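Chemist: okay, predicted coordinates and the sequence, questions at the end:
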Amino acid sequence: MWGGVGSRVDYDVMELYHLPTGAWDQKPTTGTPPPGTWAYSTFAIGKDIYYFGGYGGGYENSLHCFNVDSFKWRELSPSSSDHGPIKKAYCGMVSAHFDGDDYLIIIGGCGSSSIINPPKQPDAQYSAHGKCNEIHYYRISSDQWISPVVIGDRPPPIDEFTLTPVTNNTAVMFGGYTDNEISNKLYMISFTKTSVNILEVPNPGGSVQWPEGRGAHSSVLITTSSGPHLLVVGGSPAYDVWLLDINKRKWKELINLPVNVTNRHWHSLSVWSVTPTTNWIIEFGGFTEYSDTAVIELRYASDNDWSTSVIPLDQYQDQLRRRILSDWERERKFYEEQLQREIKEKEQIQQDRDKEQQQVLQEKATLSQQLDDATTLLEQAEKDKSTVELVTR
């Protein structure tokens, strides 16, 4: 974790959270960090973390890369009024992969009309309050900004939404602030090399569960055996927690979580798959009275059946051991049962084969007896024939 707003933020170090212990540490970095120290957008590809835009005394549109092996910053595209997206903050960023190349995709955000910006993107909209609905590709290998063709339900100028990757070339967008509303709209977005296709998912209304509008919330992708889910935590002014079944496009509110988890905005979320059915979501920061680390446990039992709890930080390692051992015990039981089933199936197959072999032997014995009987009858017939011939003579 890097940057943010706070009296004790050190921009020359990277904050590290050790998952096995639940402890924070700091490690110094080299190179030049981004000028936009907060409200930036970030996305990781392999061991590189990319940072775009943000605010640091002014809006920025620089693009930087941080490598987790070398702990070194590298500037890819400087803040400039000559190219790329406008200087802005609070936008969304994901990646896509086409023909062997990685692309960064940057959507929306908010800048200032009082500063000099690059030329406005054709077909994009810019609001009186500095919000935009630009969509830019950045091809990493060639340091090239690209304006794709946008098809479908393009959102209005918007910022402080979440843009969460689902697959290599798809993402889901939720919430945000426009000039006129606090949005609770949901968009499914797919990317090709030259175009972006956006589908707004309609809110059925009535008794169907659907979250209230919000901005400055955080989202992460939760993967289960029944498909991908989007977890949404906090945001102003809603301050609650929701889970979206992405394939079914069905929302479910997760209740009974404490206010130190839900009552946050401008906070960060990271997901850790502790076991195939248990996810720990590390929550940190925020612009409310709650900003310390919190660990949410989200456990998947079956289709749309979830349980939630908060892991006490002083029990972090003990609870982690319990989860891993419990899951190992479930897996051991599962494999034992599967092995017993396979043994029974093989025994049944062998029994069926033995039965078939016994039937074959019985049929062979019957045929052999019938052949012996037929041979005896023929021999007797030959004798009778000989006797008749002698009498006739």
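Modeler: Received, thanks. Bear in mind the structure is a predicted one, so any value in this text is a computation, not a measurement. Residues are numbered from 1 along each chain as shown.

Chemist: where in the protein is the helix or strand with the lowest mean pLDDT?
Modeler: Least confident helix or strand, the chain: helix 316-392 with a mean of 79, by mean pLDDT, DSSP states H and E.

Chemist: the most centrally placed residue in the chain pairs with what?
Modeler: For the chain, L221 is the residue whose C-alpha lies nearest the centre (CA atoms, centre = their mean; 3.5 Å). Applying DSSP bridges to L221 gives these bridge partners: L230.

Chemist: my read: it touches G227, true?
Modeler: No: contact criterion CB atoms under 8 Å: L221 and G227 do not qualify, at 10.9 Å. All C-beta atoms are positioned from the backbone trio N, CA, C, and that covers glycine.

Chemist: what's the overlap in contacts for these two?
Modeler: When CB atoms under 8 Å, 6 or more residues apart in numbering defines a contact, no residue borders L221 and G227 alike.

Chemist: which residues sit in contact with G285?
Modeler: By CB under 8 Å, 6+ apart, the contact list for G285 reads 4, 264, 266-268, 291.

Chemist: do that again at 6 Å, thanks
Modeler: Contacts for G285 were tallied using CB atoms under 6 Å, 6 or more residues apart in numbering; they are 267-268, 291.

Chemist: report the residue ranges of every domain in this structure.
Modeler: Structural domains assigned to the chain are 13-315, 316-393, following automatic domain parsing.

Chemist: highest average neighbour count across those domains?
Modeler: Mean neighbour count (mean count of other CB atoms under 10 Å) peaks for domain 13-315 among the domains of the chain, with a mean of 18.

Chemist: hey, least reliable of the domains of the chain by pLDDT?
Modeler: Looking at the domains of the chain, the lowest mean pLDDT belongs to domain 316-393 (a mean of 78).

Chemist: which residue ranges of the chain form helices?
Modeler: Assigned by DSSP state H, the helices in the chain fall at 259-262, 316-392.

Chemist: centre of the chain to the least confident helix or strand of the chain, how far?
Modeler: Centre-to-centre, helix 316-392 and its host chain are 50 Å apart (CA atoms, centre = their mean, to the nearest Å).

Chemist: what segments of the stretch 151-300 of the chain are strands?
Modeler: Secondary structure of the stretch 151-300 of the chain (DSSP state E, counting those that start in this stretch): strands at 162-167, 170-174, 186-191, 195-201, 218-224, 227-233, 241-245, 250-253, 268-275, 278-284, 294-302.

Chemist: redo these as JSON lines? Include distance to P28.
Modeler: Output for the strands of the stretch 151-300 of the chain, formatted as JSON lines (distance: least, CB to CB, whole Å):
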{"stretch": "strand 162-167", "distance to P28": "30"}
{"stretch": "strand 170-174", "distance to P28": "33"}
{"stretch": "strand 186-191", "distance to P28": "36"}
{"stretch": "strand 195-201", "distance to P28": "39"}
{"stretch": "strand 218-224", "distance to P28": "27"}
{"stretch": "strand 227-233", "distance to P28": "31"}
{"stretch": "strand 241-245", "distance to P28": "35"}
{"stretch": "strand 250-253", "distance to P28": "42"}
{"stretch": "strand 268-275", "distance to P28": "21"}
{"stretch": "strand 278-284", "distance to P28": "20"}
{"stretch": "strand 294-302", "distance to P28": "27"}
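
Chemist: looking at these, which is nearest to V149?
Modeler: For the strands of the stretch 151-300 of the chain, the distance to V149 is smallest for strand 195-201, at 4.3 Å, taking CB to CB.

Chemist: which other helices and strands contact that closest one?
Modeler: Judged by 3 or more CB pairs under 6 Å, 6 or more residues apart in numbering; DSSP states H and E, strand 195-201 is in contact with strand 149-152, strand 186-191.

Chemist: could I get those strands as CSV with distance to G31?
Modeler: Output for the helices and strands packed on strand 195-201, formatted as CSV (distance: least, CB to CB, whole Å):
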stretch, distance to G31
strand 149-152, 34
strand 186-191, 30
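
Chemist: these: which one's closest to L163?
Modeler: strand 186-191 (7.9 Å).

Chemist: tell me what that closest one is packed against?
Modeler: If you count contacts as 3+ CB pairs under 6 Å, 6+ apart, strand 186-191 packs onto strand 170-174, strand 195-201.

Chemist: between these, which one is nearest to I324?
Modeler: strand 170-174 (30.1 Å).

Chemist: partner strands of that closest one and their direction?
Modeler: By DSSP bridges, strand 170-174 pairs with strand 162-167 (antiparallel), strand 186-191 (antiparallel).

Chemist: distance from the last one to the middle of the chain?
Modeler: So the one you mean is strand 186-191. Using CA atoms, centre = their mean, the offset of strand 186-191 from its chain centre is 14 Å.

Chemist: separation between the residue lying closest to L104 once chain neighbours are set aside and I45?
Modeler: Nearest residue to L104 in three dimensions, chain neighbours excluded: Y138, at 4.3 Å (CB to CB, 6 or more residues apart in numbering). In this view, Y138 and I45 are 12 Å apart by CB to CB, to the nearest Å.

Chemist: go on, L371?
Modeler: L371 sits 78 Å away from I45, going by CB to CB.

Chemist: can you check G176 too?
Modeler: Counting by CB to CB, the separation of G176 from I45 is 24 Å.

Chemist: try S147
Modeler: From S147 to I45 the distance is 21 Å (CB to CB).

Chemist: with adjacent residues omitted, what lies nearest to G109?
Modeler: Leaving aside its sequence neighbours, G109 sits nearest to C91 (CB to CB, 6+ apart; 2.9 Å).

Chemist: mind checking how far that neighbour is from G108?
Modeler: Taken as CB to CB, the span from C91 to G108 is 5 Å.

Chemist: quick one on the thing from earlier: of all the helices and strands packed on strand 195-201, which one comes closest to E356?
Modeler: When the helices and strands packed on strand 195-201 are compared by CB to CB, strand 186-191 sits nearest E356, at 54.3 Å.

Chemist: what is the orientation angle of the closest one with strand 195-201?
Modeler: Per axes from the mean of the first three to the mean of the last three CA atoms, to 10 degrees, the angle that strand 186-191 makes with strand 195-201 is 160 degrees.
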